[in-house]
Each structure stands twice: as structure tokens, then as C-alpha cells.
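*Asks:* could you work out the structure for the sequence below:
(one chain, ligands or ions: 3)
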Amino acid sequence: MTNMIERAGLCVDARLAELVEDEVLGPLGRDAGEFWRGFAELLARFAPRNAALLEKRDSLQAQIDAWHDERRGQPHDAHAYASFLEQIGYLVPEPGDFRIETENVDVEIARLAGPQLVVPILNARFLLNAANARWGSLYDAFYGTDALDAAPAKPGGYDAERGAAVIARGRQFLDDTLPLVDQSWADLADEKDGQLADESQWVGHTDKGLLFRNNGLHIEVVFDRDHPVGRGDKAGIADIVIEAALTTIADCEDSVAAVDGEDKWLAYRNWLGIIRGDLSESFDKGGKVLTRTLNGDKSYTDRDGTTRTLPGRSLMFVRNVGHLMTSPAIRLADGSEIPEGIMDAVFTAAIGALDVEGHGRFGNSREGSIYIVKPKMHGPEECAFANDLFDAVEDLLGLERHTIKVGVMDEERRTSANLAACIHAVRNRIVFINTGFLDRTGDEIHTAMRAGPMMRKGAMKGAQWLKAYEARNVAIGLRHGLSGKAQIGKGMWAAPDLMGQMMAEKIGHLRAGANTAWVPSPTAATLHALHYHAENVFEIQKDLPEPPGLDALLTIPLADGANWSEAEITEELDNNCQGLLGYVVRWIDAGIGCSKVPDIDDVGLMEDRATLRISSQHIANWLMHGVVSKDQVMQSLMRMAAKVDAQNAGDPGYRPLIGNEDGPAFSAARDLIFKGAEQPSGYTEPLLHHWRQVAKAQ
Ligand SMILES: CC(=O)SCCNC(=O)CCNC(=O)[C@H](O)C(C)(C)COP(=O)(O)OP(=O)(O)OC[C@H]1O[C@@H](n2cnc3c(N)ncnc32)[C@H](O)[C@@H]1OP(=O)(O)O
Ligand SMILES: O=CC(=O)O
Ligand SMILES: [Mg+2]
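*Replies:* Ligands and ions are numbered 1, 2, ... in the order given. Below is the predicted model of the structure:
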């Protein structure tokens, strides 16, 4: 049972109160009574405004729905549509010429280009791994993935043949990135051999080898003849360790299942552990108990013999939830739940203040900033709300104005369509825009739900709106001065096992002008880092083509004229149902918010709430327009439930879907589809939270 206590008229989960009072406010020297009184006042100011913004979303959606209903069967009139969106206030006037004014931004965000890792905050083991993913072994990344073009490793220990292929690929990277005068890295006899073509790339010595820099990113070539790999290597090179995840986002949002005070406590406790620098986790790996903690900095000796350090950990952001959900962790006097986004802002910033005021063992921001990612905002008014909220949180915590920085996810259609105004609303604290194309696709489908059946999910990648969205995001970001001050980021690589394909495709993000892009794992961060050695993003940004106009962005991805066969329809439906069930069952029954779920071709895909939003909205859309019937959907759900059960058969804690069709997991899956069209913006949170709470209560 949750123990709730009273604080300034609020009813607060006791563990949350204890955490913030004893471990945050105490060390910060802030008065707890004052904090709670200020928090209650802040809620009185911001909760009603939050509710009004959600009502506006609903009202705009209802008008768009009616517009499509009135025109059913008629060809889409893009011109009339755009005028209509303007008239209802969905499109707002451009803010004119301005440049962002953010100050005190760490170099990893402002001036460097490199991978951004995302990690579910509830998983301390992963979270530590992510924070430590600033440096990654290139040899491990090649050996363990299909990014290496060589035969797979033979089972039974180290495969020397694959190892040789890894070493050759590593040498190729060094030759491409740190070329030598008239020599290949493959020819070196030892660490004293060879001369860099560009001497300025040489940075210094570490205890293990030599340190270099290219495009601002460091590379450590480890020389060690006592190491099993170094022993057999001509030059004694044991590994190539590269700077990988420059920044990491600890995610309180779409990759976690946090539905009550207990879950939120864990999220904040883990964030506290990262900021304070004392997070640790023990776990069993391969029969051995390992304890993972945060890595220290990397020291080296420079040319002049001076000892210096480089950050050993990724610069950390925390992603708060959006404006939609409320949380039972804190209730107002009338018993109503408080907006979860407001709670996240206050708690994560309060914890962040420990870093600003020097209470962390290692330190996160060297510029005294707290980095918060704000997802799922719809348009400039909602960005202005976040800006004002952060002002109020700074006042509550006694922090200087604009200490809290914001990363704006461009992942809702109203934000993409009014992006300049959104940036303007947070121009003093913005540190990134990022194309969250997964949520954005879900919102694209939901917004035009009633316009007609949507194209197949796979075809969305080539849709006109998506190309316009990606190109416009970069162009608008550059126009308003983000380069050199803030990140222009691109979205997630959602196929964690397809690293070869990632290496071929994700370089496209840099060529499109992005100085960071999301990866799902530390290994993916290490590999994606190679792209930033191959391309200089800041040069690319100087010469990008004009982006498409607003009309292209507003093109609805209807499946106009598509005449799918029954087999194609079944394939689409089954694929959506399988991803949906495979994800939902773990969310509801096990509280796991991000999973790798095999798709119809058995490729493991990263599924989170955003991908669930797409699949549930897609099925709901096809149902609404009669492409599939309710019976067909139910049959597909049953077929795919059996498949998902088989995929999870090895998990002793797993509760099968078949035989538990009335259980919370299957019920959630059914609701997400059959009640999908009526969910606010097509979001999955309300139903997931409800059914997870039911499952937790059982
Ligand atoms: C649309 C959006 O919002 S995208 C943003 C949300 N998505 C995410 O945050 C993705 C996070 N990624 C993940 O959760 C996982 O990588 C998954 C679920 C996608 C895939 O997991 P799996 O491949 O099954 O990983 P698995 O459980 O085998 O772990 C393998 C190792 O990689 C590590 N790892 C995997 N992902 C991450 C990560 N994101 N951060 C840190 N470490 C990670 C694990 O710690 C583990 O190492 P360990 O055993 O030494 O601890
Ligand atoms: O948050 C990211 C997305 O793609 O959605
Ligand atoms: Mg998202």
C-alpha cells in the first residue's frame, strides 16, 4: 500500500517526500516547508493552464475531424485545408527574424557533433552503461555485430579469424581518420612508429596508449602486448577506444512504464544517483556477480607534459514526460492527481540543482546547466507553457534564470508546422530540436484519422510529409541560429541488431545537417560515432538545399488508389498486431517500457510507446475506413498472441496471452486498437497506465 503524507495541503507519496527532503533539499540547504508551499502555489498557477492546453488540443482535433467528415468522398483540397488550419489557429503566424540566445551550453551540445544515446531511466544497469558510453571499444562493437563484413563468430570462445577481420577493419578506420605519411597503420611496428599526416590530430599519451582527435572527437589507440589481442598484433594494438555517446538522455517518458509513486520514486532515485555520481547496480552476468558504477574521467599527458582530463561520462539530459498525463504520486486537496510533467520538472530540476551547486562526485554540466528534454508538445503555446514552468521551477529552487535548458522534441504535427514559433517561445533556453519521427508518424495518422485510409507503415518512410518534416526541421533550426549553440538532432535507429544497415544508412542524418542522432545502445553509439569522423557536419550545414514548403509538410499520407491484396492487408495487420502485443504484454505484466520485439520477418525491433502509437493508430485507421473488419483484427490478435507467447516461452515469469484474453495485457491491446481513434492525439499512455495499474493491483 502506498503511504501518503500531507505537505502544504498536497497529499504526497511518502517515499517521494523523503527522497526530495532528505537527499535533495537537505544537501542543497533549502527549506522543505518553503519548497512544498512553493510547489503547491506553482501547481495552483500551472495545473489549470496545463488542462486548458489539453482542451485546446481536443478542440482543434474535433474541428479537423469535422472538416474531414464533411468532405468524405471528395478529393482533398490542399489549399482549402491550409486556410482552414490557419483559421482555427492550428497554424499561427511566423515569429519573423530572430536567433536563439541560449547561454552556458556545454561543448558536447553546442560545438561537437556525435551520437546521442537514449536509455530507460528505470533500469539502473542500463542507465550506468549509458552514462559510461562516452567511450566505447571499437573492437567489441565490430566483433559483436553485423557492422563487420565478415563471417559470424564461431561458437566456443574467441574466434581468431573474426578477430583478424576486426583488426583489419580497425586499421582501415585509423587509415581513413588519422592518415600517416606514406604508411598504413597496418604497417606499424610499435607505438613509436609512424608519422601523422596532420600532426595537430595528436593529443597526448594515456596510461594505455595514444590519444588523437578528429572532427572534435577523441580516439585512443591502446597499445598493450600483455593483452590477448595486443599480443598477436604486429604493433601491439589491443583495442581502439573511441569517444561515442557525447550526450545521453535518461528517459522518464516513452521507454519506461511508470504509473505510480513507487515507479516515479525509482526514476528520480536513479536520476539522483547519476547526478550525485554514486549510482551502482549489482547483477549476475554469465554466472558472475558484477557491480557497475560510473566511470571516472580519462587522464592523459599532453605535448607539454601537462596532465589533463577528458570527460569519462556522457553529458546527461533527462527526458520529462509531456503535458498529457497526471500522476497519483501527488494529489491536490480535492483528491485530483497533479500533472506528471509539472512533477517531473520540479523533481528532476531539483536533483539537477545538486550538480549546479557542486554536490556531485563527478559533475555533469561544466557550464552549470540542467538539461531537460520536453517531448510531445503541440505548438508554440505549449512550448511557452514549458518555458514559463521552467522559470517558475527556477524561482522555486532559487536557481538563476535559464539554468534549466530545454530540448524540444519536434514530434507533433502542430510543432513541425509552427517550428520557428516553437523555438522562439524557448529561445533563451533551447539546446536542441530533434525529429522524433516515431511519435510524429503516430500524430500524422491520428490528426488525419478521418481523412481516409493511410498508406502502409513501411511506405511512410518515403512519404512527402516525412521528407519535408526532416528537411524543414534542419533548415528552420539553422535559420534561427542553433548551429554552434544547440543541437539539431535526428531520430532513433530502431533496429538494434541491424548495425550493418545502420552504418550504411544513418550517415544520411549527418548529410542532412544533423549534428546528433539517436541510437538505442552503447554499441550503436560506438559505431555511429564513426559517421562523425567521416563527415564534418558543421561544413555540411553551410551548404544545404532549400527545404520543401509547408504544403509538402501538410500532405496527408493517404493510401490514395492503393489496391491492396488480401495477403498484403493481412501482412500489414499481423505485423502491427505482433509488435503491439509483444510490446504491451511486457509493459503491462512486467513493467518494461522498452523492448526488442521481433517483427513479421523476425527482425528484432525496438518498440516503445511511440512505435506503439503508430501501430495502434494505424490499425484503428484501417478499421475506421473498412480496410479491415473487427473480426479480422481479432483473428490477427489471436494469431499473433500465440506467436508472442511462443517468443516468450523461455521466460519463467511470463504470463501467456492465450488463455488470459480477459487479463490486463490482452485487454490493453484490444483497447489500444478498438478505442484507438478516440485516444487523445492517439497517445497510448492513458490505456497503458490504466491496465498496468490493474495488473499491479492483482
Ligand atoms: C521513439 C523514442 O522515444 S526512442 C527512445 C526510447 N528508446 C530507448 O531508450 C531505447 C533503449 N534501448 C533499450 O532499451 C534496449 O537497447 C532494447 C530494448 C531496444 C534492446 O535491448 P537488447 O538488445 O535486448 O539488449 P540486452 O537486454 O540484450 O542488453 C545488451 C547490453 O546492452 C546494454 N544496453 C542496451 N541498450 C542500452 C541502452 N539504451 N543504454 C545502455 N545500455 C544499453 C545493456 O546494459 C546490456 O549490457 P550489460 O549486459 O552489460 O548490462
Ligand atoms: O521520441 C522519439 C520519437 O521518435 O517519437
Ligand atoms: Mg517520441
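
*Asks:* quick check: bridge partners of the residue nearest to the spatial centre of the chain?
*Replies:* The chain has V118 as the residue nearest its centroid, 4.6 Å off, counting by C-alpha atoms, centre = their mean. The bridge-partner assignment for V118, based on DSSP bridges, gives I249.

*Asks:* contacts only, for it.
*Replies:* Going by C-beta atoms under 8 Å, 6 or more residues apart in numbering, V118 touches A130, T248, I249, D251, S255, R319, M492, W518, V519, P520. Heads up, the C-betas are built off the backbone N, CA and C, glycines and all.

*Asks:* again, 6 Å this time
*Replies:* For V118, the contact set (C-beta atoms under 6 Å, 6 or more residues apart in numbering) comprises I249, D251, W518.

*Asks:* who touches the nearest residue to the second one once chain neighbours are set aside in this structure?
*Replies:* I take that to be D251. Spatial nearest neighbour of D251, chain neighbours left out: R319 (4.6 Å); criterion: C-beta to C-beta, 6 or more residues apart in numbering. Counting by C-beta under 6 Å, 6+ apart, R319 makes contact with I249, D251, C252, E253, V373.

*Asks:* for R319, grab phi and psi.
*Replies:* R319 has phi and psi values of phi -90, psi 120 when expressed as degrees, to the nearest 10.

*Asks:* if it is in a bridge, with which residues?
*Replies:* Beta-bridge partners recorded for R319 (DSSP bridges): D251, V373.

*Asks:* how far away is it from ligand 3?
*Replies:* 9 Å (C-beta to the ion, to the nearest Å).

*Asks:* can you check which helix is longest in this structure?
*Replies:* Taking DSSP state H as the criterion, the chain has its longest helix at helix 32-70.

*Asks:* so the nearest residue to D69 once chain neighbours are set aside: helix, strand or coil?
*Replies:* Counting by C-beta to C-beta, 6+ apart, D69 lies nearest to R450, which is 5.7 Å off, once chain neighbours are set aside. The local conformation at R450, judged by DSSP: H, G, I helix; E, B strand; the rest coil, is helix.

*Asks:* R450 reaches W67, doesn't it?
*Replies:* No: R450 lies out of contact with W67 (C-beta atoms under 6 Å); the separation is 8.5 Å.

*Asks:* looking at those two, which has the bigger crowd around it?
*Replies:* Ranked by neighbour count (other C-beta atoms under 10 Å), R450 and W67 place R450 first, with 20 against 17.

*Asks:* circling back: please identify the buried residues of the longest helix of the chain?
*Replies:* Using 16 or more other C-beta atoms under 10 Å as the test for burial, helix 32-70 gives 32, 35-40, 42-43, 46-47, 49-50, 53-54, 56-57, 60-61, 64-65, 67-68.

*Asks:* same question for stretch 380-400.
*Replies:* Neighbour-count burial for stretch 380-400 flags 380-387, 389-390, 392-394, 396-397, 399 (criterion: 16+ other C-beta under 10 Å).

*Asks:* farthest pair within the residues you listed?
*Replies:* P380 and L397 (25.7 Å; C-beta to C-beta).

*Asks:* hang on, G363 in a strand?
*Replies:* No: using three-state DSSP, the assignment for G363 is coil, not a strand.

*Asks:* distance check, it against ligand 1.
*Replies:* G363 is 21 Å from ligand 1, where distance means C-beta to the nearest ligand atom, to the nearest Å.

*Asks:* pLDDT value on that residue, please?
*Replies:* pLDDT for G363: 97.

*Asks:* pull the number of nearby residues for it.
*Replies:* Counted with other C-beta under 10 Å, residues neighbouring G363 total 16.

*Asks:* and it, what does it touch?
*Replies:* Contacts of G363 (C-beta under 6 Å, 6+ apart): none.

*Asks:* do that again at 8 Å, thanks
*Replies:* Counting by C-beta under 8 Å, 6+ apart, G363 touches G277, D355.

*Asks:* one more: D176?
*Replies:* D176 neighbours (C-beta under 8 Å, 6+ apart): H533, A534.

*Asks:* about what we covered before: now do the longest helix of the chain: which elements does it pack against?
*Replies:* strand 4-7, strand 10-13, helix 78-87, strand 337-339, helix 340-356, helix 379-397, helix 437-447 (3 or more C-beta pairs under 8 Å, 6 or more residues apart in numbering; DSSP states H and E).

*Asks:* so for that helix, mean pLDDT?
*Replies:* Rounded mean pLDDT across helix 32-70 is 98.

*Asks:* centre of the chain to it, how far?
*Replies:* Relative to its parent chain, helix 32-70 has a centroid offset of 24 Å by C-alpha atoms, centre = their mean, to the nearest Å.

*Asks:* what does stretch 395-411 give?
*Replies:* For stretch 395-411, the separation from the chain centroid amounts to 18 Å (computed by C-alpha atoms, centre = their mean).

*Asks:* end to end, how far does that stretch reach?
*Replies:* Stretch 395-411 has an end-to-end distance of 29 Å (C-alpha to C-alpha, to the nearest Å).

*Asks:* use 2 as the first number for this chain going forward.
*Replies:* Got it, first residue is 2 now, which makes that one stretch 396-412.

*Asks:* check whether that stretch comes near ligand 2.
*Replies:* Yes: applying C-beta under 6 Å from any ligand atom, one finds stretch 396-412 in contact with ligand 2 at M410, E412.

*Asks:* anything in that stretch sitting right up against ligand 1?
*Replies:* No: residues of stretch 396-412 are not located near ligand 1 by C-beta under 6 Å from any ligand atom, the shortest gap being 8.0 Å.

*Asks:* so for that stretch, mean pLDDT?
*Replies:* Mean per-residue pLDDT for stretch 396-412: 98.
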